[in-house]
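Trainee: the following comprises the amino acid sequence and a computationally predicted model.
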Amino acid sequence: MPAWVTEGCHEYTKRLPPELALEWHEIPLGKRARNQPVAKAIAEESERMLKAIGRDDQVVALDVQGKALSTQALAGKLSDWQQAGRPLTLLVGGPDGLSDDCRARADLHWSLSALTLPHPLVRIVLAEQLYRAWTILSGHPYHK
């Protein structure tokens with residue numbers, strides 16, 4: 001990832017309290033070749049993603065077809081996730097999206113936007129929105 005992405009993600013990640021620590025795990029993309037079906041690359045990515053998810057994890061798939069959440073609704077979801085006391089895994093697909101297996105494993109399908117966003121920008125938006133949701137829950141003035 002470019003330095004601006006790493007710096008942006010780090011900025012919001014360091015603001016979160018220890019109980020909401022964000023860990024970024026990059027899964028290598030599936031190999032894409034001119035004569036190879038895209039489905040094969042998606043399947044490779046899916047296999048790696050599913051192996052990285054804990055058995056008890058709550059899973060949220062970021063998906064343009066998912067549910068749009070307002071910042072207030074996200075804060076409510078964040079509270080629910082915290083109260084559940086289970087690890088939370090957020091899945092961001094590769095350039096061709098998530099596999100049906102990854103979507104099936106998800107407890108929630110969340111759309112950040114109806115726009116197609118580049119993956120580096122998704123990371124920063126995701127980190128900032130989680131931070132913003134936390135500030136709402138904690139009464140911090142950032143959201144205002």
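Mentor: Yes, it's here. As the structure is a prediction and not an experimental result, all values here were calculated from the model. Numbering: from 1, shown residues only.
Trainee: those helices in this structure, which residues are they?
Mentor: 3-15, 38-52, 71-84, 100-105, 119-138 (DSSP state H).
Trainee: distance of Leu22 relative to Val125?
Mentor: To Val125, Leu22 is 13 Å away according to CB to CB, to the nearest Å. Backbone N, C-alpha and C define where each C-beta goes, glycine included.
Trainee: and His25, how many neighbours?
Mentor: Using other CB atoms under 10 Å, His25 has 9 neighbouring residues.
Trainee: show me what contacts it?
Mentor: Residues near His25 by CB atoms under 8 Å, 6 or more residues apart in numbering: Ala52.
Trainee: and it, what's its pLDDT?
Mentor: For His25, the model assigns a pLDDT of 89.
Trainee: follow-up on the earlier one: wait, which of the helices of the chain is closest to Gln58?
Mentor: Comparison of the helices of the chain against Gln58 by CB to CB identifies helix 71-84 as nearest, at 5.8 Å.
Trainee: mean confidence score for that closest one?
Mentor: Helix 71-84 comes out with an average pLDDT of 96.
Trainee: just the buried positions in it, please.
Mentor: Along helix 71-84, these residues count as buried under the neighbour rule (16 or more other CB atoms under 10 Å): 74-75, 77-78, 81.
Trainee: including distance to Ala52, could these go into CSV?
Mentor: Listed next are the buried residues of helix 71-84 as CSV, based on distance: CB to CB, whole Å:
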residue, distance to Ala52
Leu74, 23
Ala75, 27
Lys77, 22
Leu78, 22
Trp81, 18
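Trainee: Glu44: which of the residues you listed is nearest?
Mentor: Set against Glu44, the nearest of the buried residues of helix 71-84 by CB to CB is Trp81 (28.6 Å).
Trainee: please tell me how far that closest one sits from Pro2.
Mentor: Taking CB to CB, one finds Trp81 at 29 Å from Pro2.
Trainee: mind naming the longest strand for the protein?
Mentor: Longest strand in the chain by number of residues (criterion: DSSP state E): strand 58-68.
Trainee: quick one: mean pLDDT for that strand?
Mentor: Across strand 58-68, the average pLDDT comes to 94.
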